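Build me a model:
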Amino acid sequence: MVFYFTSHVVAPSVTLFMGADKHENEDLIKWGWPEDVWFHVDKVSSAHVYLRLGPVNDIPNLVLDDACQLVKANSIMGNKMNDIDIVYTMWANLKKTAGMEVGQVAFHKDKDVRKVRVAKRNNDTINRLNKTKKEVFPDLRQEREGRDREEREDKKKLLREKKDKEKEEEKRKKDEAELKSYSTLMKAENMSTNYDGNDSDDFM
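Prediction:
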């Protein structure tokens, strides 16, 4: 089971979600999307919260606050503590090896992990997000495969459009070249005549 939350602090709204336990977290790690951002309380056990957005640089501050508050509230230790750090990174930076415990992750590149300090729990934020909470049993693999299929189709469409434009441009240049060649041919100095100055119709 996965818990979904909607953050309406920006328009259009964005989706935050997390696994019900470490086993769901494992599936989220495996079948995440490239545009997912992963959040966790630093050095303390907590839920794995995901934000489905774009690159990390594009996270609005209000959305970042919502994600961090949600992570803090879903950490047994972190919820009791003030001035805690939340780490976040793109899903693609999560690293999973065979020897790790269920739900445990590391990072491919530590330099791509960001950190934000959360002073204390904001009950207004948590209450607002909890009002949007939905419990869903998604097929994460199917959703990821569907997303990848759509991406492939979009790429194919863009490639076809690019080729069509290249053909149109090639035809335009060819037409221009032919028109230029015809214009040159029709210039007076390039014309010839079969007039020989003899008005006679006598061929003999």
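
what about Arg52, neighbour count?
A count of nearby residues for Arg52, using other Cβ atoms under 10 Å, gives 15. The C-beta positions use only the backbone N, C-alpha and C, and glycine is treated the same way.

wait, it sits on Val14?
Yes: in this structure, Arg52 is within contact of Val14 by Cβ atoms under 8 Å, at 6.8 Å.

The host helix or strand of Trp38: what's the following helix or strand?
Counting by DSSP states H and E, the element that carries Trp38 is strand 36-41. As assigned by DSSP H and E, the chain's next helix or strand after strand 36-41 is strand 49-52.

partners of that next one, with directions?
According to DSSP bridges, strand 49-52 has the following sheet partners: strand 14-19 (antiparallel), strand 36-41 (antiparallel).

Tell me, how many residues neighbour the residue nearest to Pro34 when sequence neighbours are not counted?
In space, and not counting its chain neighbours, Pro34 is closest to Ala92: 5.6 Å by Cβ to Cβ, 6 or more residues apart in numbering. Here the number of neighbours of Ala92 (other Cβ under 10 Å) works out to 15.

Show me what the helix or strand bottoming out on mean pLDDT in the chain packs onto, helices and strands only.
The helix or strand of the chain with the poorest confidence is helix 140-185; it has a mean of 83 (mean pLDDT, DSSP states H and E). Judged by 3 or more Cβ pairs under 8 Å, 6 or more residues apart in numbering; DSSP states H and E, helix 140-185 is in contact with helix 22-30.

May I have the helix it packs on exported as PDB, CA atoms only?
Taking Å, rounded to 0.1, in the frame of the first residue of the first chain, the C-alpha atoms of helix 22-30 are listed here in PDB:
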ATOM      1  CA  LYS A  22       9.800  -0.900   4.400                       C
ATOM      2  CA  HIS A  23       8.500  -3.500   1.900                       C
ATOM      3  CA  GLU A  24       6.600  -0.900   0.000                       C
ATOM      4  CA  ASN A  25       9.600   1.400   0.200                       C
ATOM      5  CA  GLU A  26      11.600  -1.400  -1.500                       C
ATOM      6  CA  ASP A  27       9.100  -1.400  -4.400                       C
ATOM      7  CA  LEU A  28       9.200   2.400  -4.600                       C
ATOM      8  CA  ILE A  29      13.000   2.300  -4.800                       C
ATOM      9  CA  LYS A  30      12.900  -0.300  -7.600                       C
END
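
Next, the buried residues of that helix.
Neighbour-count burial for helix 22-30 flags Glu24, Asn25, Glu26, Asp27, Leu28, Ile29 (criterion: 16 or more other Cβ atoms under 10 Å).
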